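**Q** sequence plus the predicted model coming up.
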Amino acid sequence: MQNDASKTGRPADRRADDAMEVLLVVAPDPQLDPEAAERVPRLLKDEVAELDIQSIRPGPSTPVPEKAKGADAITVGAIVVALSASGGVLTLLIETVRDWLDRSSARHRVALTIDGDTIELERASDAERRDLIDAYIRRHTGA
């Protein structure tokens with residue numbers, strides 16, 4: 001009988017310890033029409049899927065924030081990204097989300113959650129965003 005280590009070439013517990021899941025919750029700009037807002041999470045998902053990640057899948061149903069204007073269950077999207085906890089993949093994921101937000105003329109927000117710790121990203125000054133992201137990455141990578 002083969003164990004997981006013989007199939008992957010590395011110890012099974014190392015594989016489990018090396019992975020993390022990041023929940024991305026996308027809140028499209030409330031000024032968008034419903035059809036455009038529905039596309040927003042898919043656009044981010046397509047970019048994230050290009051990264052060196054282990055997997056990407058739809059996230060759990062996301063309740064609509066009480067203060068959200070014009071949002072409904074379809075316009076708030078959740079994505080779960082499984083990635084290596086080492087090798088800078090988390091940093092690259094966050095930079096990808098930041099760049100995606102910067103390229104958009106709309107005011108989307110993306111909340112990233114790891115083990116119950118959430119950071120919410122939206123368009124902000126480079127210095128503000130860099131300080132916030134650096135602190136968040138340090139908490140989850142020990143860097």
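**A** Perfect, thanks for sending it.

**Q** can you classify the residue nearest in space to the middle of the chain by secondary structure?
**A** Compute the mean C-alpha point of the chain, and by C-alpha atoms, centre = their mean the closest residue is residue 24, 3.4 Å away. Under the three-state scheme (DSSP: H, G, I helix; E, B strand; the rest coil), residue 24 adopts strand.

**Q** contacting residues around it?
**A** Residues counted as contacts of residue 24 (C-beta atoms under 8 Å, 6 or more residues apart in numbering) are 44, 48, 59, 78, 79, 80, 81, 97, 110, 111, 112. Yep, even glycine has a C-beta here, placed from its N, CA and C like the rest.

**Q** among those residues, which ones are buried?
**A** 44, 48, 59, 78, 79, 81, 97, 110, 111, 112 (16 or more other C-beta atoms under 10 Å).

**Q** just the contacts of residue 24: which has the poorest pLDDT?
**A** Lowest pLDDT among the contacts of residue 24: residue 59, with 88.

**Q** test my guess that it contacts residue 82.
**A** No. Residue 59 lies out of contact with residue 82 (C-beta atoms under 8 Å); the separation is 11.7 Å.

**Q** on that earlier part again, spatially nearest residue to the residue nearest to the centre of the chain, not counting backbone neighbours?
**A** Spatial nearest neighbour of residue 24, excluding adjacent residues (C-beta to C-beta, 6 or more residues apart in numbering): residue 79 at 4.5 Å.

**Q** which element follows the helix or strand hosting the one you found toward the C-terminus?
**A** Assigned by DSSP states H and E, residue 79 belongs to strand 77-84. Next along the chain after strand 77-84, taking DSSP H and E as the criterion, comes helix 89-103.

**Q** gap between that next one and the chain center?
**A** Helix 89-103 sits 9 Å away from the centroid of its parent chain (C-alpha atoms, centre = their mean, to the nearest Å).

**Q** direction included, what does the helix or strand just after it pair against?
**A** With elements assigned by DSSP H and E, the helix or strand that comes after helix 89-103 is strand 109-114. Partner strands for strand 109-114, per DSSP bridges, with pairing direction: strand 19-27 (antiparallel), strand 117-121 (antiparallel).
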